[in-house]
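In: attaching a predicted model along with its sequence, questions to come.
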There are 2 protein chains.
Amino acid sequence: MADKTEALEAIKIQGEVVRKLKSEKASKDQIDVEVAKLLELKLRLGGDDGKHQFVLKTPKGTRDYSPKQMAIRDKVFNTIVGCFKRHGAETIDTPVFELKETLTGKYGEDSKLIYDLKDQGGELLSLRYDLTVPFARYLAMNKISNIKRYHIAKVYRRDNPAMTRGRYREFYQCDFDIAGQYDPMIPDAECLRIVHEILSELDLGDFHIKVNDRRILDGMFAVCGVPDDKFRTICSTVDKLDKMCWEDVKKEMVKEKGLSEEAADQIGEYVSMQGGMDLAVHLLEDSKLSQSKQACAGLSDMKQLFSYLQLFQVTDKVVFDLSLARGLDYYTGIIYEAVLTQGGVVPPTGDGPKAEVSVGSVAGGGRYDGLVGMFDPKGRTVPCVGVSIGIERIFSIMEQKVEAEKVRTTEIQVMVASAQKNLLEERLKLLTELWNAGIKAEAMYKKNPKLLSQLQHCEESGIPLVAILGEQELKDGMVKLRTVATREEVDVCRVDLIEEIRKKTSEV
Amino acid sequence: MADKTEALEAIKIQGEVVRKLKSEKASKDQIDVEVAKLLELKLRLGGDDGKHQFVLKTPKGTRDYSPKQMAIRDKVFNTIVGCFKRHGAETIDTPVFELKETLTGKYGEDSKLIYDLKDQGGELLSLRYDLTVPFARYLAMNKISNIKRYHIAKVYRRDNPAMTRGRYREFYQCDFDIAGQYDPMIPDAECLRIVHEILSELDLGDFHIKVNDRRILDGMFAVCGVPDDKFRTICSTVDKLDKMCWEDVKKEMVKEKGLSEEAADQIGEYVSMQGGMDLAVHLLEDSKLSQSKQACAGLSDMKQLFSYLQLFQVTDKVVFDLSLARGLDYYTGIIYEAVLTQGGVVPPTGDGPKAEVSVGSVAGGGRYDGLVGMFDPKGRTVPCVGVSIGIERIFSIMEQKVEAEKVRTTEIQVMVASAQKNLLEERLKLLTELWNAGIKAEAMYKKNPKLLSQLQHCEESGIPLVAILGEQELKDGMVKLRTVATREEVDVCRVDLIEEIRKKTSEV
C-alpha cells in the first residue's frame, strides 16, 4: 500500500509539471516528454480493473515509426541509396549482435555504452555500436581486400537519450566506405563528393564540409610542444570548439589537462585557421609546422585532395579547418564533418555561443587504415575511408519540414466504390481486374458502404481516382471514373478502364 | 597447456570429419558447416603469433549477407513490397527490443527461446520474437482501431539453428496484417489473394494454400469427444500431420496424450478431408459436426470465404484442409499455410514420408481477434487478420536458383576509362559530368590503370558501357563508347555522350 501512495503522489507531482509547462506555453516536444512520463506513472499504477499492470511503451530511448514517419524515412533513404548506387556501391548486411569480444577495445571510454545480451548459455553477445567495426570484422573474416559498400542499419548505444534533438538509443546509421589500396586521396575525394551530392539533393539548406587530417593535428600538437602522451586528450578538447569558445577550450587545456599556457596559445593560432588549397600550400611553408614530417604528409595530401575536389566540382562547400578534431580513435588520415549553416531549422546541439551559427553535424567520416588489421589473424591491413550520414538528424529536419503537410502513406491509385447497395461482389470483381493489371487499388471491406464515406476515405488518404459502379453502369458495361481533386467524372467503357487509369495516374 | 592439447585433439577429429565428408562426396552445404566448425576450433586456438586469440565469426545461428545475397534479397523484397503496396498497405517500424513484460505470456512454451538483454540498470528488455506482438502493442499504445500495414524486419529466436535449411537465430519476418472491424471474410480473402500473388510472381514453382479455421478444429475435437482441457495438446499433435503419417500421429494421441482410440479414429476421418466450398457445404450438413455451434460458424465463414476467393480468382490454389492446425495460440478464426509442392527445390523440412511431396511452408497466417485486447488497458479489442511470408526459405530457394548465375551487385552503367597514361584528371572530369547528369558511373582509383584491367573489371562486374578517353579523343572533343557485351566501339561527340549513354542503357 505504501508503494501505491507513493505512486499516487508521483502522479500528482508529474501532473503539476505538465500543467505548469502548458500554462507557460512550452514547446510541444517538451510537453510530450512530460506527458509520456505521466502516462507511464499512471500505467505503472495499473489500469482501472487492475488487470493490466504492465507499462504500454517502447523501451527508453527508442520509438516506433508511424506510417507517416516511414514515408519520410523511405524518401530520405531512396535519395541516399540512389547516390550510393550512382557511385557504384554494393551493400552488405551483418547481424544486429556480434560476439562481445569483437567489439572489445574498439571504442575506448564509450565501451560502457554497449548493450550486452544476457548470458543465457552459449556465446557472450553485444548489440552493434556502429557499422564500422562489423564492416572491418566482415572484411577480415572474408579476406576481402577491396570493396565499395554501403550499409544502412540500426545501431545501439546506452547513451542518455535526447529524443527531441533526434538522439536515440536505437538509431540508424547510414555508412558508405571504400576499402582497398589505391592511389592517395581519390577515394577520399569521392566520399566528400558523395556528402555534397546527398546534402544538396535532400535540400536541407546551406551547408559546409570541414576537412582536416589526423596527421596535421598530431604534427601541430608536436610542434606546439604538447607532450606525446597528451595528444589524445588535447585533441578531444580541441574537438569541443564547435560548442565552446576558444577561451573556454584554452582554460580546459591549461587548467584541467595541465598544458602550458604557451603551448595552448600556439595551438590557438593554428586552430583559428580556415581555407582551401591555398591554406595547405601556405602551411607547407610554415616555419614551425613544416618541421613535422607527419604534418607535411598530411598537408601534401590535403593539397592533392583539393585538386580532386576541384575536378569533382565541390570546393564551394569544402573548408580546410584546423579546428576539426573528431573523437574516434581509429582515424589515421583525413577527417571531415558536414554541418548545416542555416539557423532555426534544427535545435542547436549545444548551448555554446556558436549555436546560432552552426546547427549541427549531419555527416562525418575519415580514413581508418588500421582497423581491419586489428581483426586479421595475420595483422594484414586494408586501408579504408568512409562517411556516415547523420540520418536521424536529417529525419528530424524532414519531419519538421513536412509537419503541417499531408504525406501519403500508401500508393493506392484507385478506390473501387459503389453508389448502390448489394454491389460488393461486383466491386471485388473489378478490384481483381485492376490487381491483375498491376494497378494499386482497394475497396472498403464493407458489404454496403455509403458512397460519401468511400469518397471521404479517398480525400483523407490522397487516393487520386475512384472507379464507381452502379446498376446502370454494370448494365451498360461502363464505369464512372472520378478524379478526386477536381471532382470531375467521366464514363469509361469497362474494357478501356485500365488504359484510362494508367493515363490519368501518369498525369496526376 | 592441457587446454591446448584438448583443442589440438578436437581440431584433429574435426579435420577427419571434413575429410570423410569430402571423400563421401557429401553436399556442399554439409561440408561447409563442418569446415566452419573446424575453422572455429582453429581460431579458438589462436593465430600464428598468438596475438589474435579471438574468434573471427558471427554469433551462432546468424550470418552476414554478401553483396550477391543482398542483391537477391532486395529483388525478393521489391516483389513482396510491390504486392503489399498494390493492396494499399502502409508500413511501420518498431524497436528491435521491447520491454520484457510486453513479450511475457504471448508465446507459451516457446518463451524460453526469447533473447533477453543483460540487466545493465534500467528497464528489462528482450529482443522481439516476432512482429505480431509488437504490432498489437503498437495498436493498443496508439489507440489505432484500423490499419492495413506491412512490416519487414529481423526477429530473434534462441532456437537450434539449421542454417542449411534456412533456419537462423536472426531472421527476417515479412508480415502483412489488416486490423479493424469489417464485414466477415473480406480482409481474410485479401490475405490469401496476396499470398497467391506473391508466390506466383516470385516464380518458385507450384504451390497450394491450405485453409482451415480454429473454430472448425475446436468443434471437431468437441464432437469427437476430446476433453476440453486436451484441445490444445491434441491440436499440436494434429499439426504434425505434414511431417508424420496418420498412424504415428494417432499413436501420439493415444499413447502419449491419453486420448481414447475411438476419439482418435473419429478425428482421423475428419482430418483426411480436403476440398473447396463444396466440402464446407457438405460438412455443414454433417450430422456430427453440425452439432457444434463453433464448427458451424467456422464452416459458414469458410463458405463465404470461398465465394470471395472465386471473385479474387485464386481458388485454383486454395484447399480447405481439415488437418491444418498451426501452432500459435493466439489464432481465433481462419488459419492458412502455403506450401511449395515441387520436390527437389528445397531440402525437406522433416524426415517423414510426406517429405518428397510437400517441400515446406513458405507463408502462413490467420485471424487473431484477441491479441490487441491483451495490451489495451481497458481490454478493448481490435480484430486482426494477417499473413507472414517465409522469407528466409524463399531466400534459400532463390539463392540456389541463381547459384551458378552471375548476379550484378552494383548498378554502374558506365566505366570511365583511359587508354593512355596521365589522364586521371580527365577521367575524373568526365566522371563528374556523368554524375551531374545522374548517370551511375565509376573510374578506377589509380593514376595510370591499364586499359585491359579497366575492361576486365567491366566484364567481371557486368558494367555494360565504357567511356574511353585518349589524347586524340580529348583533342577532337570526342569519347569512344564501348559496349562491353559486343565489344563494339563508336566515337561520340562529347556533348552528345550523356544522351547516347541513356539511349544505350535503355536498350541493354
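Out: It's in.
In: domains in chain A, by residue range?
Out: A:2-45, A:59-206+A:382-408, A:207-340, A:414-507 (automatic domain parsing).
In: okay, the most centrally placed residue in chain A and B:G327: tell me how far apart.
Out: In chain A, the C-alpha closest to the average C-alpha coordinate belongs to A:I391, at a distance of 1.0 Å (CA atoms, centre = their mean). When distance is defined by CB to CB, to the nearest Å, A:I391 is 38 Å away from B:G327. Heads up, the C-betas are built off the backbone N, CA and C, glycines and all.
In: what's near enough to touch the residue nearest to the centre of chain A?
Out: A:V76, A:I80, A:I152, A:F171, A:Y172, A:Q173, A:C174 (CB atoms under 8 Å, 6 or more residues apart in numbering or on different chains).
In: hmm, try it at 6 Å
Out: A:I391 makes contact with A:Y172, A:C174 under the criterion CB atoms under 6 Å, 6 or more residues apart in numbering or on different chains.
In: also A:H196?
Out: With CB under 6 Å, 6+ apart, A:H196 has these contacts: A:V314, A:K317.
In: where does it land on pLDDT?
Out: At A:H196, the predicted lDDT confidence score is 98.
In: mind listing what's buried in the helix or strand encompassing it?
Out: With secondary structure defined by DSSP states H and E, A:H196 is part of helix A:186-202. Residues of helix A:186-202 classed as buried under the neighbour-count rule (16 or more other CB atoms under 10 Å in any protein chain shown) are A:186-199, A:202.
In: for stretch A:418-429, same thing?
Out: Of the residues in stretch A:418-429, those with enough neighbours to count as buried (16+ other CB under 10 Å) are A:S418, A:L423, A:L424, A:E426, A:R427, A:L428, A:K429.
In: give me the three-state assignment for the fourth one.
Out: Each residue gets one of three states, and A:E426 gets helix by DSSP: H, G, I helix; E, B strand; the rest coil.
In: so it is in contact with A:I468, correct?
Out: No - A:E426 is beyond contact range of A:I468, at 11.1 Å (criterion: CB atoms under 6 Å).
In: the helix or strand harbouring A:K85 to helix B:67-86, inter-axis angle?
Out: Element membership for A:K85 (DSSP H and E) is helix A:67-86. Angular relation of helix A:67-86 and helix B:67-86 on a 0 to 180 degree scale: 140 degrees, by axes from the mean of the first three to the mean of the last three CA atoms, to 10 degrees.
In: number of residues surrounding the residue of the stretch 201-350 of chain A found nearest chain B?
Out: Checking the stretch 201-350 of chain A residue by residue against chain B with CB to the nearest CB singles out A:L311 as nearest, at 4.2 Å. Other residues near A:L311 come to 19 when the count uses other CB atoms under 10 Å in any protein chain shown.
In: the nearest residue to A:M398 once chain neighbours are set aside: how many residues sit nearby?
Out: The spatially closest residue to A:M398, leaving aside those adjacent along the chain, is A:I72, at 5.1 Å (CB to CB, 6 or more residues apart in numbering or on different chains). When neighbours are counted by other CB under 10 Å, A:I72 registers 19.
In: over to A:E16?
Out: Other residues within reach of A:E16, judged by other CB under 10 Å, total 11.
In: keep only the buried residues of stretch A:418-429 that also lie close to chain B.
Out: Near chain B, taking CB under 6 Å from any CB of the partner chain as the test, the members of those found are A:L428, A:K429.
In: possible to save the buried residues of stretch A:418-429 as CSV with pLDDT?
Out: Converted to CSV, those look like this (pLDDT from 0 to 100):
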residue, pLDDT
A:S418, 95
A:L423, 95
A:L424, 95
A:E426, 95
A:R427, 96
A:L428, 96
A:K429, 96
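In: tell me which two of the buried residues of stretch A:418-429 sit farthest apart.
Out: Considering CB to CB, no two members of the buried residues of stretch A:418-429 lie farther apart than A:S418 and A:K429, which are separated by 11.4 Å.
In: where does the stretch 351-500 of chain A have low pLDDT?
Out: A:351-359 (pLDDT under 70).
In: please see if stretch A:179-195 touches chain B.
Out: Yes - contact of stretch A:179-195 with chain B is found when judged by CB under 6 Å from any CB, involving A:Y182, A:D183, A:I186, A:P187.
In: ok, now which ones touch the third one?
Out: Translated: A:I186. Residues touching A:I186, when contacts are defined by CB under 6 Å, 6+ apart, comprise B:Y445.
In: picking up where we left off before, what pLDDT is listed against the residue of the stretch 201-350 of chain A closest to chain B?
Out: Confidence score, pLDDT, at A:L311: 96.
In: quick check: it vs B:T94, distance?
Out: To B:T94, A:L311 is 45 Å away according to CB to CB.
In: now swap in A:Q120 and tell me
Out: In terms of CB to CB, A:Q120 sits 23 Å off from B:T94.
In: those two: which has the busier surroundings?
Out: For A:Q120 versus B:T94, the count of surrounding residues by other CB under 10 Å is larger for B:T94: 21 against 14.
In: give me the element the residue of the stretch 151-300 of chain A found nearest chain B is part of.
Out: Checking the stretch 151-300 of chain A residue by residue against chain B with CB to the nearest CB singles out A:Y182 as nearest, at 3.6 Å. Counting by DSSP H and E, A:Y182 is held by no secondary-structure element, helix or strand.
In: and for A:D301?
Out: Assigned by DSSP H and E, A:D301 belongs to helix A:293-311.
In: for the stretch 351-500 of chain A, list the residues in contact with chain B, please.
Out: Taking CB under 6 Å from any CB, the part of the stretch 351-500 of chain A that reaches chain B is made up of A:377, A:409-412, A:425, A:428-429, A:432, A:440, A:442, A:445-447.
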